[in-house]
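Student: for reference, the sequence and a predicted model appear below.
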Amino acid sequence: MNGFTLPEYHDWPFFFTIQKNVDTRDRQMKMWTDLILSYTKSKGAYTITLNELYSSPLCINQKVNRRLSMDSLVQVCRWMRDNKFADFTDQSEEKIFVYWKSIQEVADAIWKWADTTGRMGSVEAILDIVEDSANSKEIFYQMPVEIVLKACDAL
């Protein structure tokens with residue numbers, strides 16, 4: 001999978017069934033979150049549809065004959081949203097923004113960029129910030145505008 005390796009826990013059959021015990025479920029949700037974030041980061045993707053996730057090797061393991069249900073995947077994505085690792089792109093809950101860099105990390109990078117480049121107090125267009133090739137080494141370069149706007153709100 002393009003340099004992405006599934007973790008050992010992906011072979012645990014119970015990983016694919018949302019657990020009832022609150023503590024166990026929270027650990028499981030964190031593991032699913034780590035898996036989704038690692039996967040999307042390896043693809044350089046800031047957005048992914050739930051159908052794409054559901055069809056990916058993340059949600060199915062033929063070796064242990066298990067698949068995460070779509071309802072469970074939605075539950076994982078809602079947990080990610082509630083814990084600030086993702087947001088749904090709209091009310092349909094069919095696609096998520098994934099934050100393999102936290103909103104605060106992006107905000108801090110924008111602040112540092114503005115300070116370093118002498119742009120504090122100036123008016124900048126978000127598209128210029130994310131698309132300007134002079135910013136190609138910045139973490140916000142070519143990031144979806146919606147994520148950068150959230151980061152700007154955090155400043």
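Tutor: In hand now; what should we look at? Numbering: from 1, shown residues only.
Student: can I get the CA coordinates of the top helix by length along the chain in PDB?
Tutor: Looking across the chain with DSSP state H, the single longest helix is helix 22-43. Extracted in PDB, the C-alpha atoms of helix 22-43 (Å, rounded to 0.1, in the frame of the first residue of the first chain):
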ATOM      1  CA  VAL A  22     -16.100   2.200  27.700                       C
ATOM      2  CA  ASP A  23     -12.300   2.100  28.500                       C
ATOM      3  CA  THR A  24     -11.700  -0.700  25.900                       C
ATOM      4  CA  ARG A  25     -13.800   1.200  23.300                       C
ATOM      5  CA  ASP A  26     -11.900   4.400  23.900                       C
ATOM      6  CA  ARG A  27      -8.600   2.600  23.300                       C
ATOM      7  CA  GLN A  28     -10.000   0.900  20.300                       C
ATOM      8  CA  MET A  29     -11.200   4.300  18.900                       C
ATOM      9  CA  LYS A  30      -7.700   5.700  19.400                       C
ATOM     10  CA  MET A  31      -6.200   2.700  17.600                       C
ATOM     11  CA  TRP A  32      -8.600   3.200  14.700                       C
ATOM     12  CA  THR A  33      -7.800   6.900  14.700                       C
ATOM     13  CA  ASP A  34      -4.100   6.200  14.600                       C
ATOM     14  CA  LEU A  35      -4.600   3.800  11.700                       C
ATOM     15  CA  ILE A  36      -6.700   6.200   9.600                       C
ATOM     16  CA  LEU A  37      -4.400   9.100  10.300                       C
ATOM     17  CA  SER A  38      -1.300   7.000   9.300                       C
ATOM     18  CA  TYR A  39      -3.000   5.800   6.200                       C
ATOM     19  CA  THR A  40      -4.200   9.200   5.000                       C
ATOM     20  CA  LYS A  41      -0.800  10.700   5.900                       C
ATOM     21  CA  SER A  42       1.000   8.000   3.800                       C
ATOM     22  CA  LYS A  43      -1.300   9.000   0.900                       C
END
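Student: and the helix or strand just after that helix, which strands flank it?
Tutor: Per DSSP states H and E, the first helix or strand lying C-terminal to helix 22-43 is strand 47-49. Under the criterion DSSP bridges, strand 47-49 sits next to strand 95-98 (antiparallel) in its sheet.
Student: buried ones in the host helix or strand of Ile129?
Tutor: Following DSSP H and E, one finds Ile129 within helix 126-131. Applying a neighbour-count criterion of 16 or more other Cβ atoms under 10 Å, the buried positions in helix 126-131 are 126, 129-130. C-beta here means a position set from N, CA and C on the backbone, and glycine is covered the same way.
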